[in-house]
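[1] Attaching a predicted model along with its sequence, questions to come.
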Amino acid sequence: MNNVIDRVVARRLRTERRRAEIKVAEKNTFVIKLVKWSWVVLLVAAFLQALIFSTYANFIAIACVLTAWTITSKVFLQRDALKNYPLSSFLVIGFTSTQFYFPLLFTLLEGKPVVYNLELPLQVFFHSTAALVVLVTAHYVYRLLPVNTYRGNNSLLSRAGFFQPPSESQLWTMAAIGLAANIYVYLFSPTTATEVSGNVFDKAVFALLPFAYAPYFIPFASLFGSKKALTKNIVTFLVVYSIMLLIIGMARNTRGAFMVGFTAVGLSYLLGLLNGVFKTPVISYKIILLAGFGLWLLTGPLADLGTAMVIVRSQRADLSKAELVDMTLDAFSDKKAISLRRLNDNEAQGDWDERYLDNIFTARFANIKFNDASLVQANKIGSNNPAMRKFSIDYLWGALPSPVLKVLHPSLNKDNIYSLSFGDYIYSLAGAGTVVYGGFRSGHFAGTGMAAFGLWYLLILGIGIIPIYLLFDKLVFVRNDYGQSSSSLQHPKLCFSVCGLLVLTSIFQFLPTESVIGLGTFLLRGWFQMVLLYFVIYHFTRLLCKYVPALLSS
């Protein structure tokens with residue numbers, strides 16, 4: 001009897017000890033630390049913003065930022081949300097970061113108020129806050145749906161190989177395909193990026209561009225379930241590969257060619273930390289030096305290089321690719337010309353003004369001036385504008401494949417609709433005329449939504465985002481072969497499909513889209529095209545890596 005009692009007591013002690021270990025682990029998780037320090041940084045930045053720029057509009061903006069981050073940290077920066085709905089939560093975190101948190105922080109670093117150059121600051125933050133409330137409400141509805149978020153081994157995506165980790169050689173083969181597509185499209189068929197119809201082969205090649213960034217996920221192989229050790233010198237290979245992308249970017253005269261790769265690295269690591277796939281790094285001098293180097297690289301050399309690309313952009317049609325690279329490097333070395341260009345960019349730009357942040361890289365993640373510019377034009381043409389609504393609906397029709405469109409809506413000219421952006425069209429309706437067509441100004445769903453549908457655009461946003469949450473989260477599931485240790489119970493090992501990781505930057509920046517109609521075009525075509533393309537490339541590279549070495553050796 002005493003032995004039985006001793007065993008029961010010992011088992012209870014082990015259980016209590018295990019629970020205590022889990023509680024200690026919870027206190028040390030990256031998510032908790034991130035939320036804590038993000039609030040420290042935000043409160044300091046908000047205090048300085050309020051102290052230095054004491055205006056009514058700035059106070060309201062700061063209050064909206066604090067409210068938005070409170071909602072995000074309480075709802076999405078939580079272990080359960082990140083475990084069960086990782087990519088949909090990442091989408092909303094991205095929206096809050098780019099529309100609230102980053103603007104307040106980055107404007108302060110540049111010595112500006114968060115409402116800098118905003119003509120309608122109160123409307124900007126009203127619509128952003130309203131959109132966040134809609135996104136949160138839609139996510140709660142999504143959680144209540146009787147749908148299994150994580151796909152099992154017998155699911156269609158799993159059987160199609162979406163959760164089979166590609167080998168390192170496969171990822172490099174994907175990169176070769178993407179790199180070849182970059183060279184072909186931007187050196188031999190540059191109009192493919194802007195044409196709607198045209199050569200089917202050129203369009204197919206253009207869709208392969210994102211695969212050029214596949215190697216950047218090799219250091220984060222545990223994200224997609226790979227247990228194989230990394231090959232030696234992988235960092236060296238990635239540095240050399242990044243230099244190649246940098247040269248191609250200069251030849252293309254586009255910053256995105258190399259920016260997407262760097263962004264993908266950072267976001268992949270962040271996603272792994274948030275979901276417990278990677279261990280929380282211990283702050284050391286090495287970490288601080290690496291972080292400082294990364295910050296210097298973004299705000300210094302890479303920012304200067306981006307400005308140099310803008311300086312020579314007007315001459316790219318008259319120069320060969322080699323000459324364009326040479327001129328870009330010359331402009332990069334001319335720091336005076338770069339400073340003058342930035343001063344000129346800070347001057348007024350007419351009715352459509354996109355000035356907000358000076359640093360071209362931080363501006364890609366925090367430019368809420370697009371929201372303001374769209375709302376300014378929307379106020380000029382009024383809400384529920386028939387022309388804007390018709391353009392929006394026609395844009396949705398245009399997402400259909402051309403053969404289907406010819407049957408369902410033969411009168412629609414897809415080339416005309418997709419030859420301009422929502423920003424171009426709302427600007428033209430506001431008085432600029434058709435001369436602005438083809439400028440591809442970046443619109444924002446708040447302004448274009450108000451112009452086309454009034455406040456009903458928020459309802460469209462809420463309904464349309466729910467299936468998008470579902471489709472993104474279908475690209476993740478929990479692997480059953482990771483063991484049942486206390487650590488795995490605390491941080492379930494999520495397996496992300498490389499298909500989802502390749503578009504991770506796009507998920508983080510999915511909102512703001514140019515129009516709420518963008519949700520419909522993604523549902524009609526974007527997601528299915530993305531999944532089908534990955535399926536083809538994955539199996540093609542798998543066969544290639546399996547049989548080509550055997551053929552060569554024989």
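    Now that the structure is in, tell me what you want to look at.
[2] Show me where this structure has its strands.
    For the chain, the strands defined by DSSP state E occupy 476-478, 494-496.
[3] so which of the ones you listed gets nearest residue 271?
    strand 494-496 (7.5 Å; CB to CB). Placement of C-beta: from N, CA and C, glycine included.
[4] so who does residue 211 touch?
    When the contact criterion is CB atoms under 8 Å, 6 or more residues apart in numbering, the partners of residue 211 are 174, 175, 177, 178, 181, 502, 537.
[5] give me every residue that touches the residue nearest to it when sequence neighbours are not counted.
    If you skip the residues right next to it in sequence, residue 211 has residue 178 as its closest partner in space, 3.4 Å away by CB to CB, 6 or more residues apart in numbering. With CB under 8 Å, 6+ apart as the criterion, the residues that contact residue 178 are 208, 209, 210, 211, 212, 213, 214.
[6] What residue, apart from its backbone neighbours, is nearest the fifth one spatially?
    In space, not counting the residues next to it along the chain, residue 212 is nearest to residue 178; the distance is 3.0 Å by CB to CB, 6+ apart.
[7] So that neighbour versus residue 331, what's the distance?
    27 Å (CB to CB, to the nearest Å).
[8] And residue 46, how far from residue 77?
    Computed with CB to CB, the distance linking residue 46 and residue 77 is 18 Å.
[9] now residue 161
    32 Å.
[10] So which of these two has more stuff around it?
    Looking at residue 161 and residue 77 with other CB atoms under 10 Å, you find the greater number of neighbours at residue 77, namely 20 against 16.
[11] Let me see the ranges of the helices in the stretch 401-550 of the chain.
    Per DSSP state H, counting those that start in this stretch, the stretch 401-550 of the chain has helices spanning 402-408, 414-417, 422-427, 445-453, 457-473, 486-490, 498-502, 504-508, 517-521, 527-553. These are given in chain order.
[12] Pick the most buried one from those helices.
    Ranked by mean neighbour count, these are led by helix 445-453 with a mean of 29 (mean count of other CB atoms under 10 Å).
[13] Can you list the helices and strands that that helix packs against?
    Here helix 445-453 is seen to pack against helix 121-144, helix 369-381, helix 386-397, helix 422-427, helix 457-473 when contacts are counted using 3 or more CB pairs under 8 Å, 6 or more residues apart in numbering; DSSP states H and E.
[14] For the fourth one, give me every contacting residue.
    The list of residues contacting helix 422-427 from outside it, by CB under 8 Å, 6+ apart, reads 351-352, 370, 373-374, 377-378, 381, 388, 391-392, 395, 436-443, 447-448, 451, 514-515.
[15] isn't residue 138 right next to residue 459, touching?
    No - taking contact to mean CB atoms under 8 Å, the distance of 10.2 Å between residue 138 and residue 459 leaves them out of contact.
[16] Residue 211 and residue 499, how far apart?
    Taking CB to CB as the criterion, residue 211 is separated from residue 499 by 11 Å.
[17] which non-adjacent residue is nearest residue 432?
    Nearest in space to residue 432, with sequence neighbours left out and distances taken as CB to CB, 6+ apart, is residue 351 at 6.6 Å.
[18] In this structure the one you found contacts residue 428, no?
    No - because the distance of 11.1 Å does not satisfy CB under 8 Å, residue 351 is recorded as not touching residue 428.
[19] before we move on, back to that, report the two of the contacts of residue 211 separated the most.
    Farthest apart among the contacts of residue 211 by CB to CB are 181 and 502. That separation is 13.3 Å.
[20] so where's the stretch 401-550 of the chain uncertain?
    Per-residue confidence for the stretch 401-550 of the chain (pLDDT under 70) gives these ranges: 479-492, 550.
[21] try 90
    The stretch 401-550 of the chain contains residues with pLDDT under 90 at 401-403, 406, 409-411, 413-416, 419, 438-440, 477-495, 546-550.
[22] ok, now the stretch 1-150 of the chain?
    Within the stretch 1-150 of the chain, the ranges that satisfy pLDDT under 90 run 1-30, 79, 83-84, 145-150.
[23] Now do the helices in it.
    Remark: helices assigned in the stretch 1-150 of the chain by DSSP H, counting those that start in this stretch are 2-27, 30-52, 56-75, 79-84, 86-96, 102-109, 121-144.
[24] helices and strands around the fourth one, which ones?
    Right, helix 79-84. Under the contact rule (3+ CB pairs under 8 Å, 6+ apart), helix 79-84 is not packed against any helix or strand.
[25] So which bits of that helix are buried?
    Within helix 79-84, the residues that qualify as buried are 79, 81, 82, 83, 84, counting by 16 or more other CB atoms under 10 Å.
[26] repeat for stretch 322-335
    324, 325, 327, 328, 331, 332.
[27] And for stretch 280-292?
    For stretch 280-292, the neighbour count (16+ other CB under 10 Å) marks no residue as buried.
[28] Residues contacting it, please?
    28, 29, 30, 33, 273.
[29] I'd like to know how many residues surround the third one.
    Here the number of neighbours of residue 30 (other CB under 10 Å) works out to 19.
[30] Just list the residues touching it, thanks.
    273, 274, 276, 280.
[31] Same check on the fourth one?
    Contacts of residue 33 were listed using CB under 8 Å, 6+ apart, and they are residue 280.
[32] Any figure for the gap between it and residue 77?
    With the distance defined as CB to CB, residue 33 ends up 11 Å from residue 77.
[33] One more: the last one?
    Distance, residue 273 to residue 77, by CB to CB: 12 Å.
[34] Now do the shared contacts for these two.
    Looking at what touches both residue 273 and residue 77 (by CB under 8 Å, 6+ apart), the common residues are residue 34.
[35] Just the buried ones from the contacts of helix 422-427, in PyMOL syntax?
    Applying 16+ other CB under 10 Å to these, the buried members can be selected in PyMOL as follows:
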select buried, resi 352+370+373+374+377+378+381+388+391+392+395+436+437+441+442+443+447+448+451+514+515
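[36] Name the nearest residue to residue 255, ignoring sequence neighbours.
    Nearest non-adjacent residue to residue 255, counting by CB to CB, 6+ apart: residue 306, 4.7 Å away.
[37] residues near the one you found, how many?
    Other residues within reach of residue 306 by the criterion other CB under 10 Å amount to 23.
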